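> Here's my sequence, what's the structure:
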Amino acid sequence: MSTTSSGLCFSSLPRHYESVPMLEGFKARDGENLTHRVYDSVKKDRVIILLHGSSAHGEYLHPLAERLKNIGQVYVPNLRGHYASGNTRGDCSYIGQLEDDIADLIRHYSLQNKKIYIVGHSSGGGLAIRLAGGCYGKWIRGFVLLSPAIPTAPTMRQGTAGGWAKISLWKIICLSVLNALGIRFLNHMKVIQFNRPAEYCDGTEILSYSFNLNSSYHPRLPYKKDISALKHRSLVIVGAEDEANDPSQYPNVMQDPQSASIQTVLGVKHLDIVQNLTVSNAVIHWIETN
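Here you go, the predicted model:
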């Protein structure tokens, strides 16, 4: 498998997926229509919500969702600002709106009293960590983080996920200062672009994020506080050949120096982690025993 100029091996993902459930919609609290896929299961007492990574939408998680539906009802949202969700591509209305949207999905299906697990890949893993540290964290029984993206942490290679992201650092710094002063009207400015090769674009990808969306997608700063909120409710899995994140840095960043909650899988990269059978088996085993 060759690695593209983005630093990520997109050739490891299929171009098309068979038997993917149709997108369904629901109204979020602000009235916007958000989409998701449902993988029905005979086991209704357990719920698994899969969160996709940056630029993408939930379809590439289809193989993992198909396996996880054997142990619970699976929901795969297209997060606001991404393909077919919300009114504005690459943006949301305020920092923290993605967390509210996931809560609205849970409420829409009246899932609050079920055993809920969040499985997040890449930036979806970062959002899962953010959820743990927020007001909805108490709803979640467990978190599975597949190569979670944690900006400013030493896990992220070169601070750009190995060349995947082009960051407007000066904009982020200025907007962060303004937000600290309560000034937020510039938060819709784009602050990050994604180096997705043209041959792997089909019009459904999102190639840039606003400050609002980028901030909503990752742990709050300083990230250590949200990570500490996981409180032994998490499993981290990362590929030994991950191009975006450095596996050796996760024990300290995840506050687990003995790596009791961290698994490194040989031969796995950043994107094909969601296709790998060893990984999905590890996710299933952890969810069934936690």
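> Correct me if wrong: V236 contacts S261.
Yes: A contact is recorded between V236 and S261 when judged using C-beta atoms under 8 Å, the distance being 6.1 Å. Bear in mind the C-beta positions are built from the backbone N, C-alpha and C, glycine included.
> now the strands: where do they sit in the chain?
Secondary structure of the chain (DSSP state E): strands at 24-27, 33-39, 46-51, 73-78, 115-121, 140-146, 165-167, 190-194, 208-210, 234-239, 262-265.
> Any chance of CSV for the ones you listed, columns mean pLDDT?
Converted to CSV, these look like this (pLDDT from 0 to 100):
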stretch, mean pLDDT
strand 24-27, 97
strand 33-39, 98
strand 46-51, 98
strand 73-78, 98
strand 115-121, 98
strand 140-146, 98
strand 165-167, 96
strand 190-194, 98
strand 208-210, 98
strand 234-239, 98
strand 262-265, 98
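> Those: which one's closest to T155?
Each of those has some distance to T155 by C-beta to C-beta; the shortest is strand 234-239, at 8.4 Å.
> Neighbours of the residue lying closest to E243 once chain neighbours are set aside, how many?
Ranked by C-beta to C-beta, 6 or more residues apart in numbering and with sequence neighbours excluded, the top spatial neighbour of E243 is G162, at 4.5 Å. Per other C-beta atoms under 10 Å, the neighbour tally for G162 reads 20.
> Now tabulate the strands of the chain in CSV and tack on mean neighbour count.
Rendered in CSV, the data for the strands of the chain read as follows (neighbours: other C-beta atoms under 10 Å):
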stretch, mean neighbour count
strand 24-27, 14
strand 33-39, 20
strand 46-51, 24
strand 73-78, 24
strand 115-121, 25
strand 140-146, 24
strand 165-167, 17
strand 190-194, 20
strand 208-210, 22
strand 234-239, 25
strand 262-265, 17
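> Please identify every residue contacting each of V236 and S261.
M254 (C-beta atoms under 8 Å, 6 or more residues apart in numbering).
> could you list every residue that touches Y117?
Contacts of Y117 were listed using C-beta under 8 Å, 6+ apart, and they are 46-49, 72, 140-144, 287.
> Pick out whichever of those residues sits closest to H121.
Of all these, the one sitting nearest H121 is V144; the distance, using C-beta to C-beta, is 9.4 Å.
> I am finished for the moment; much appreciated.
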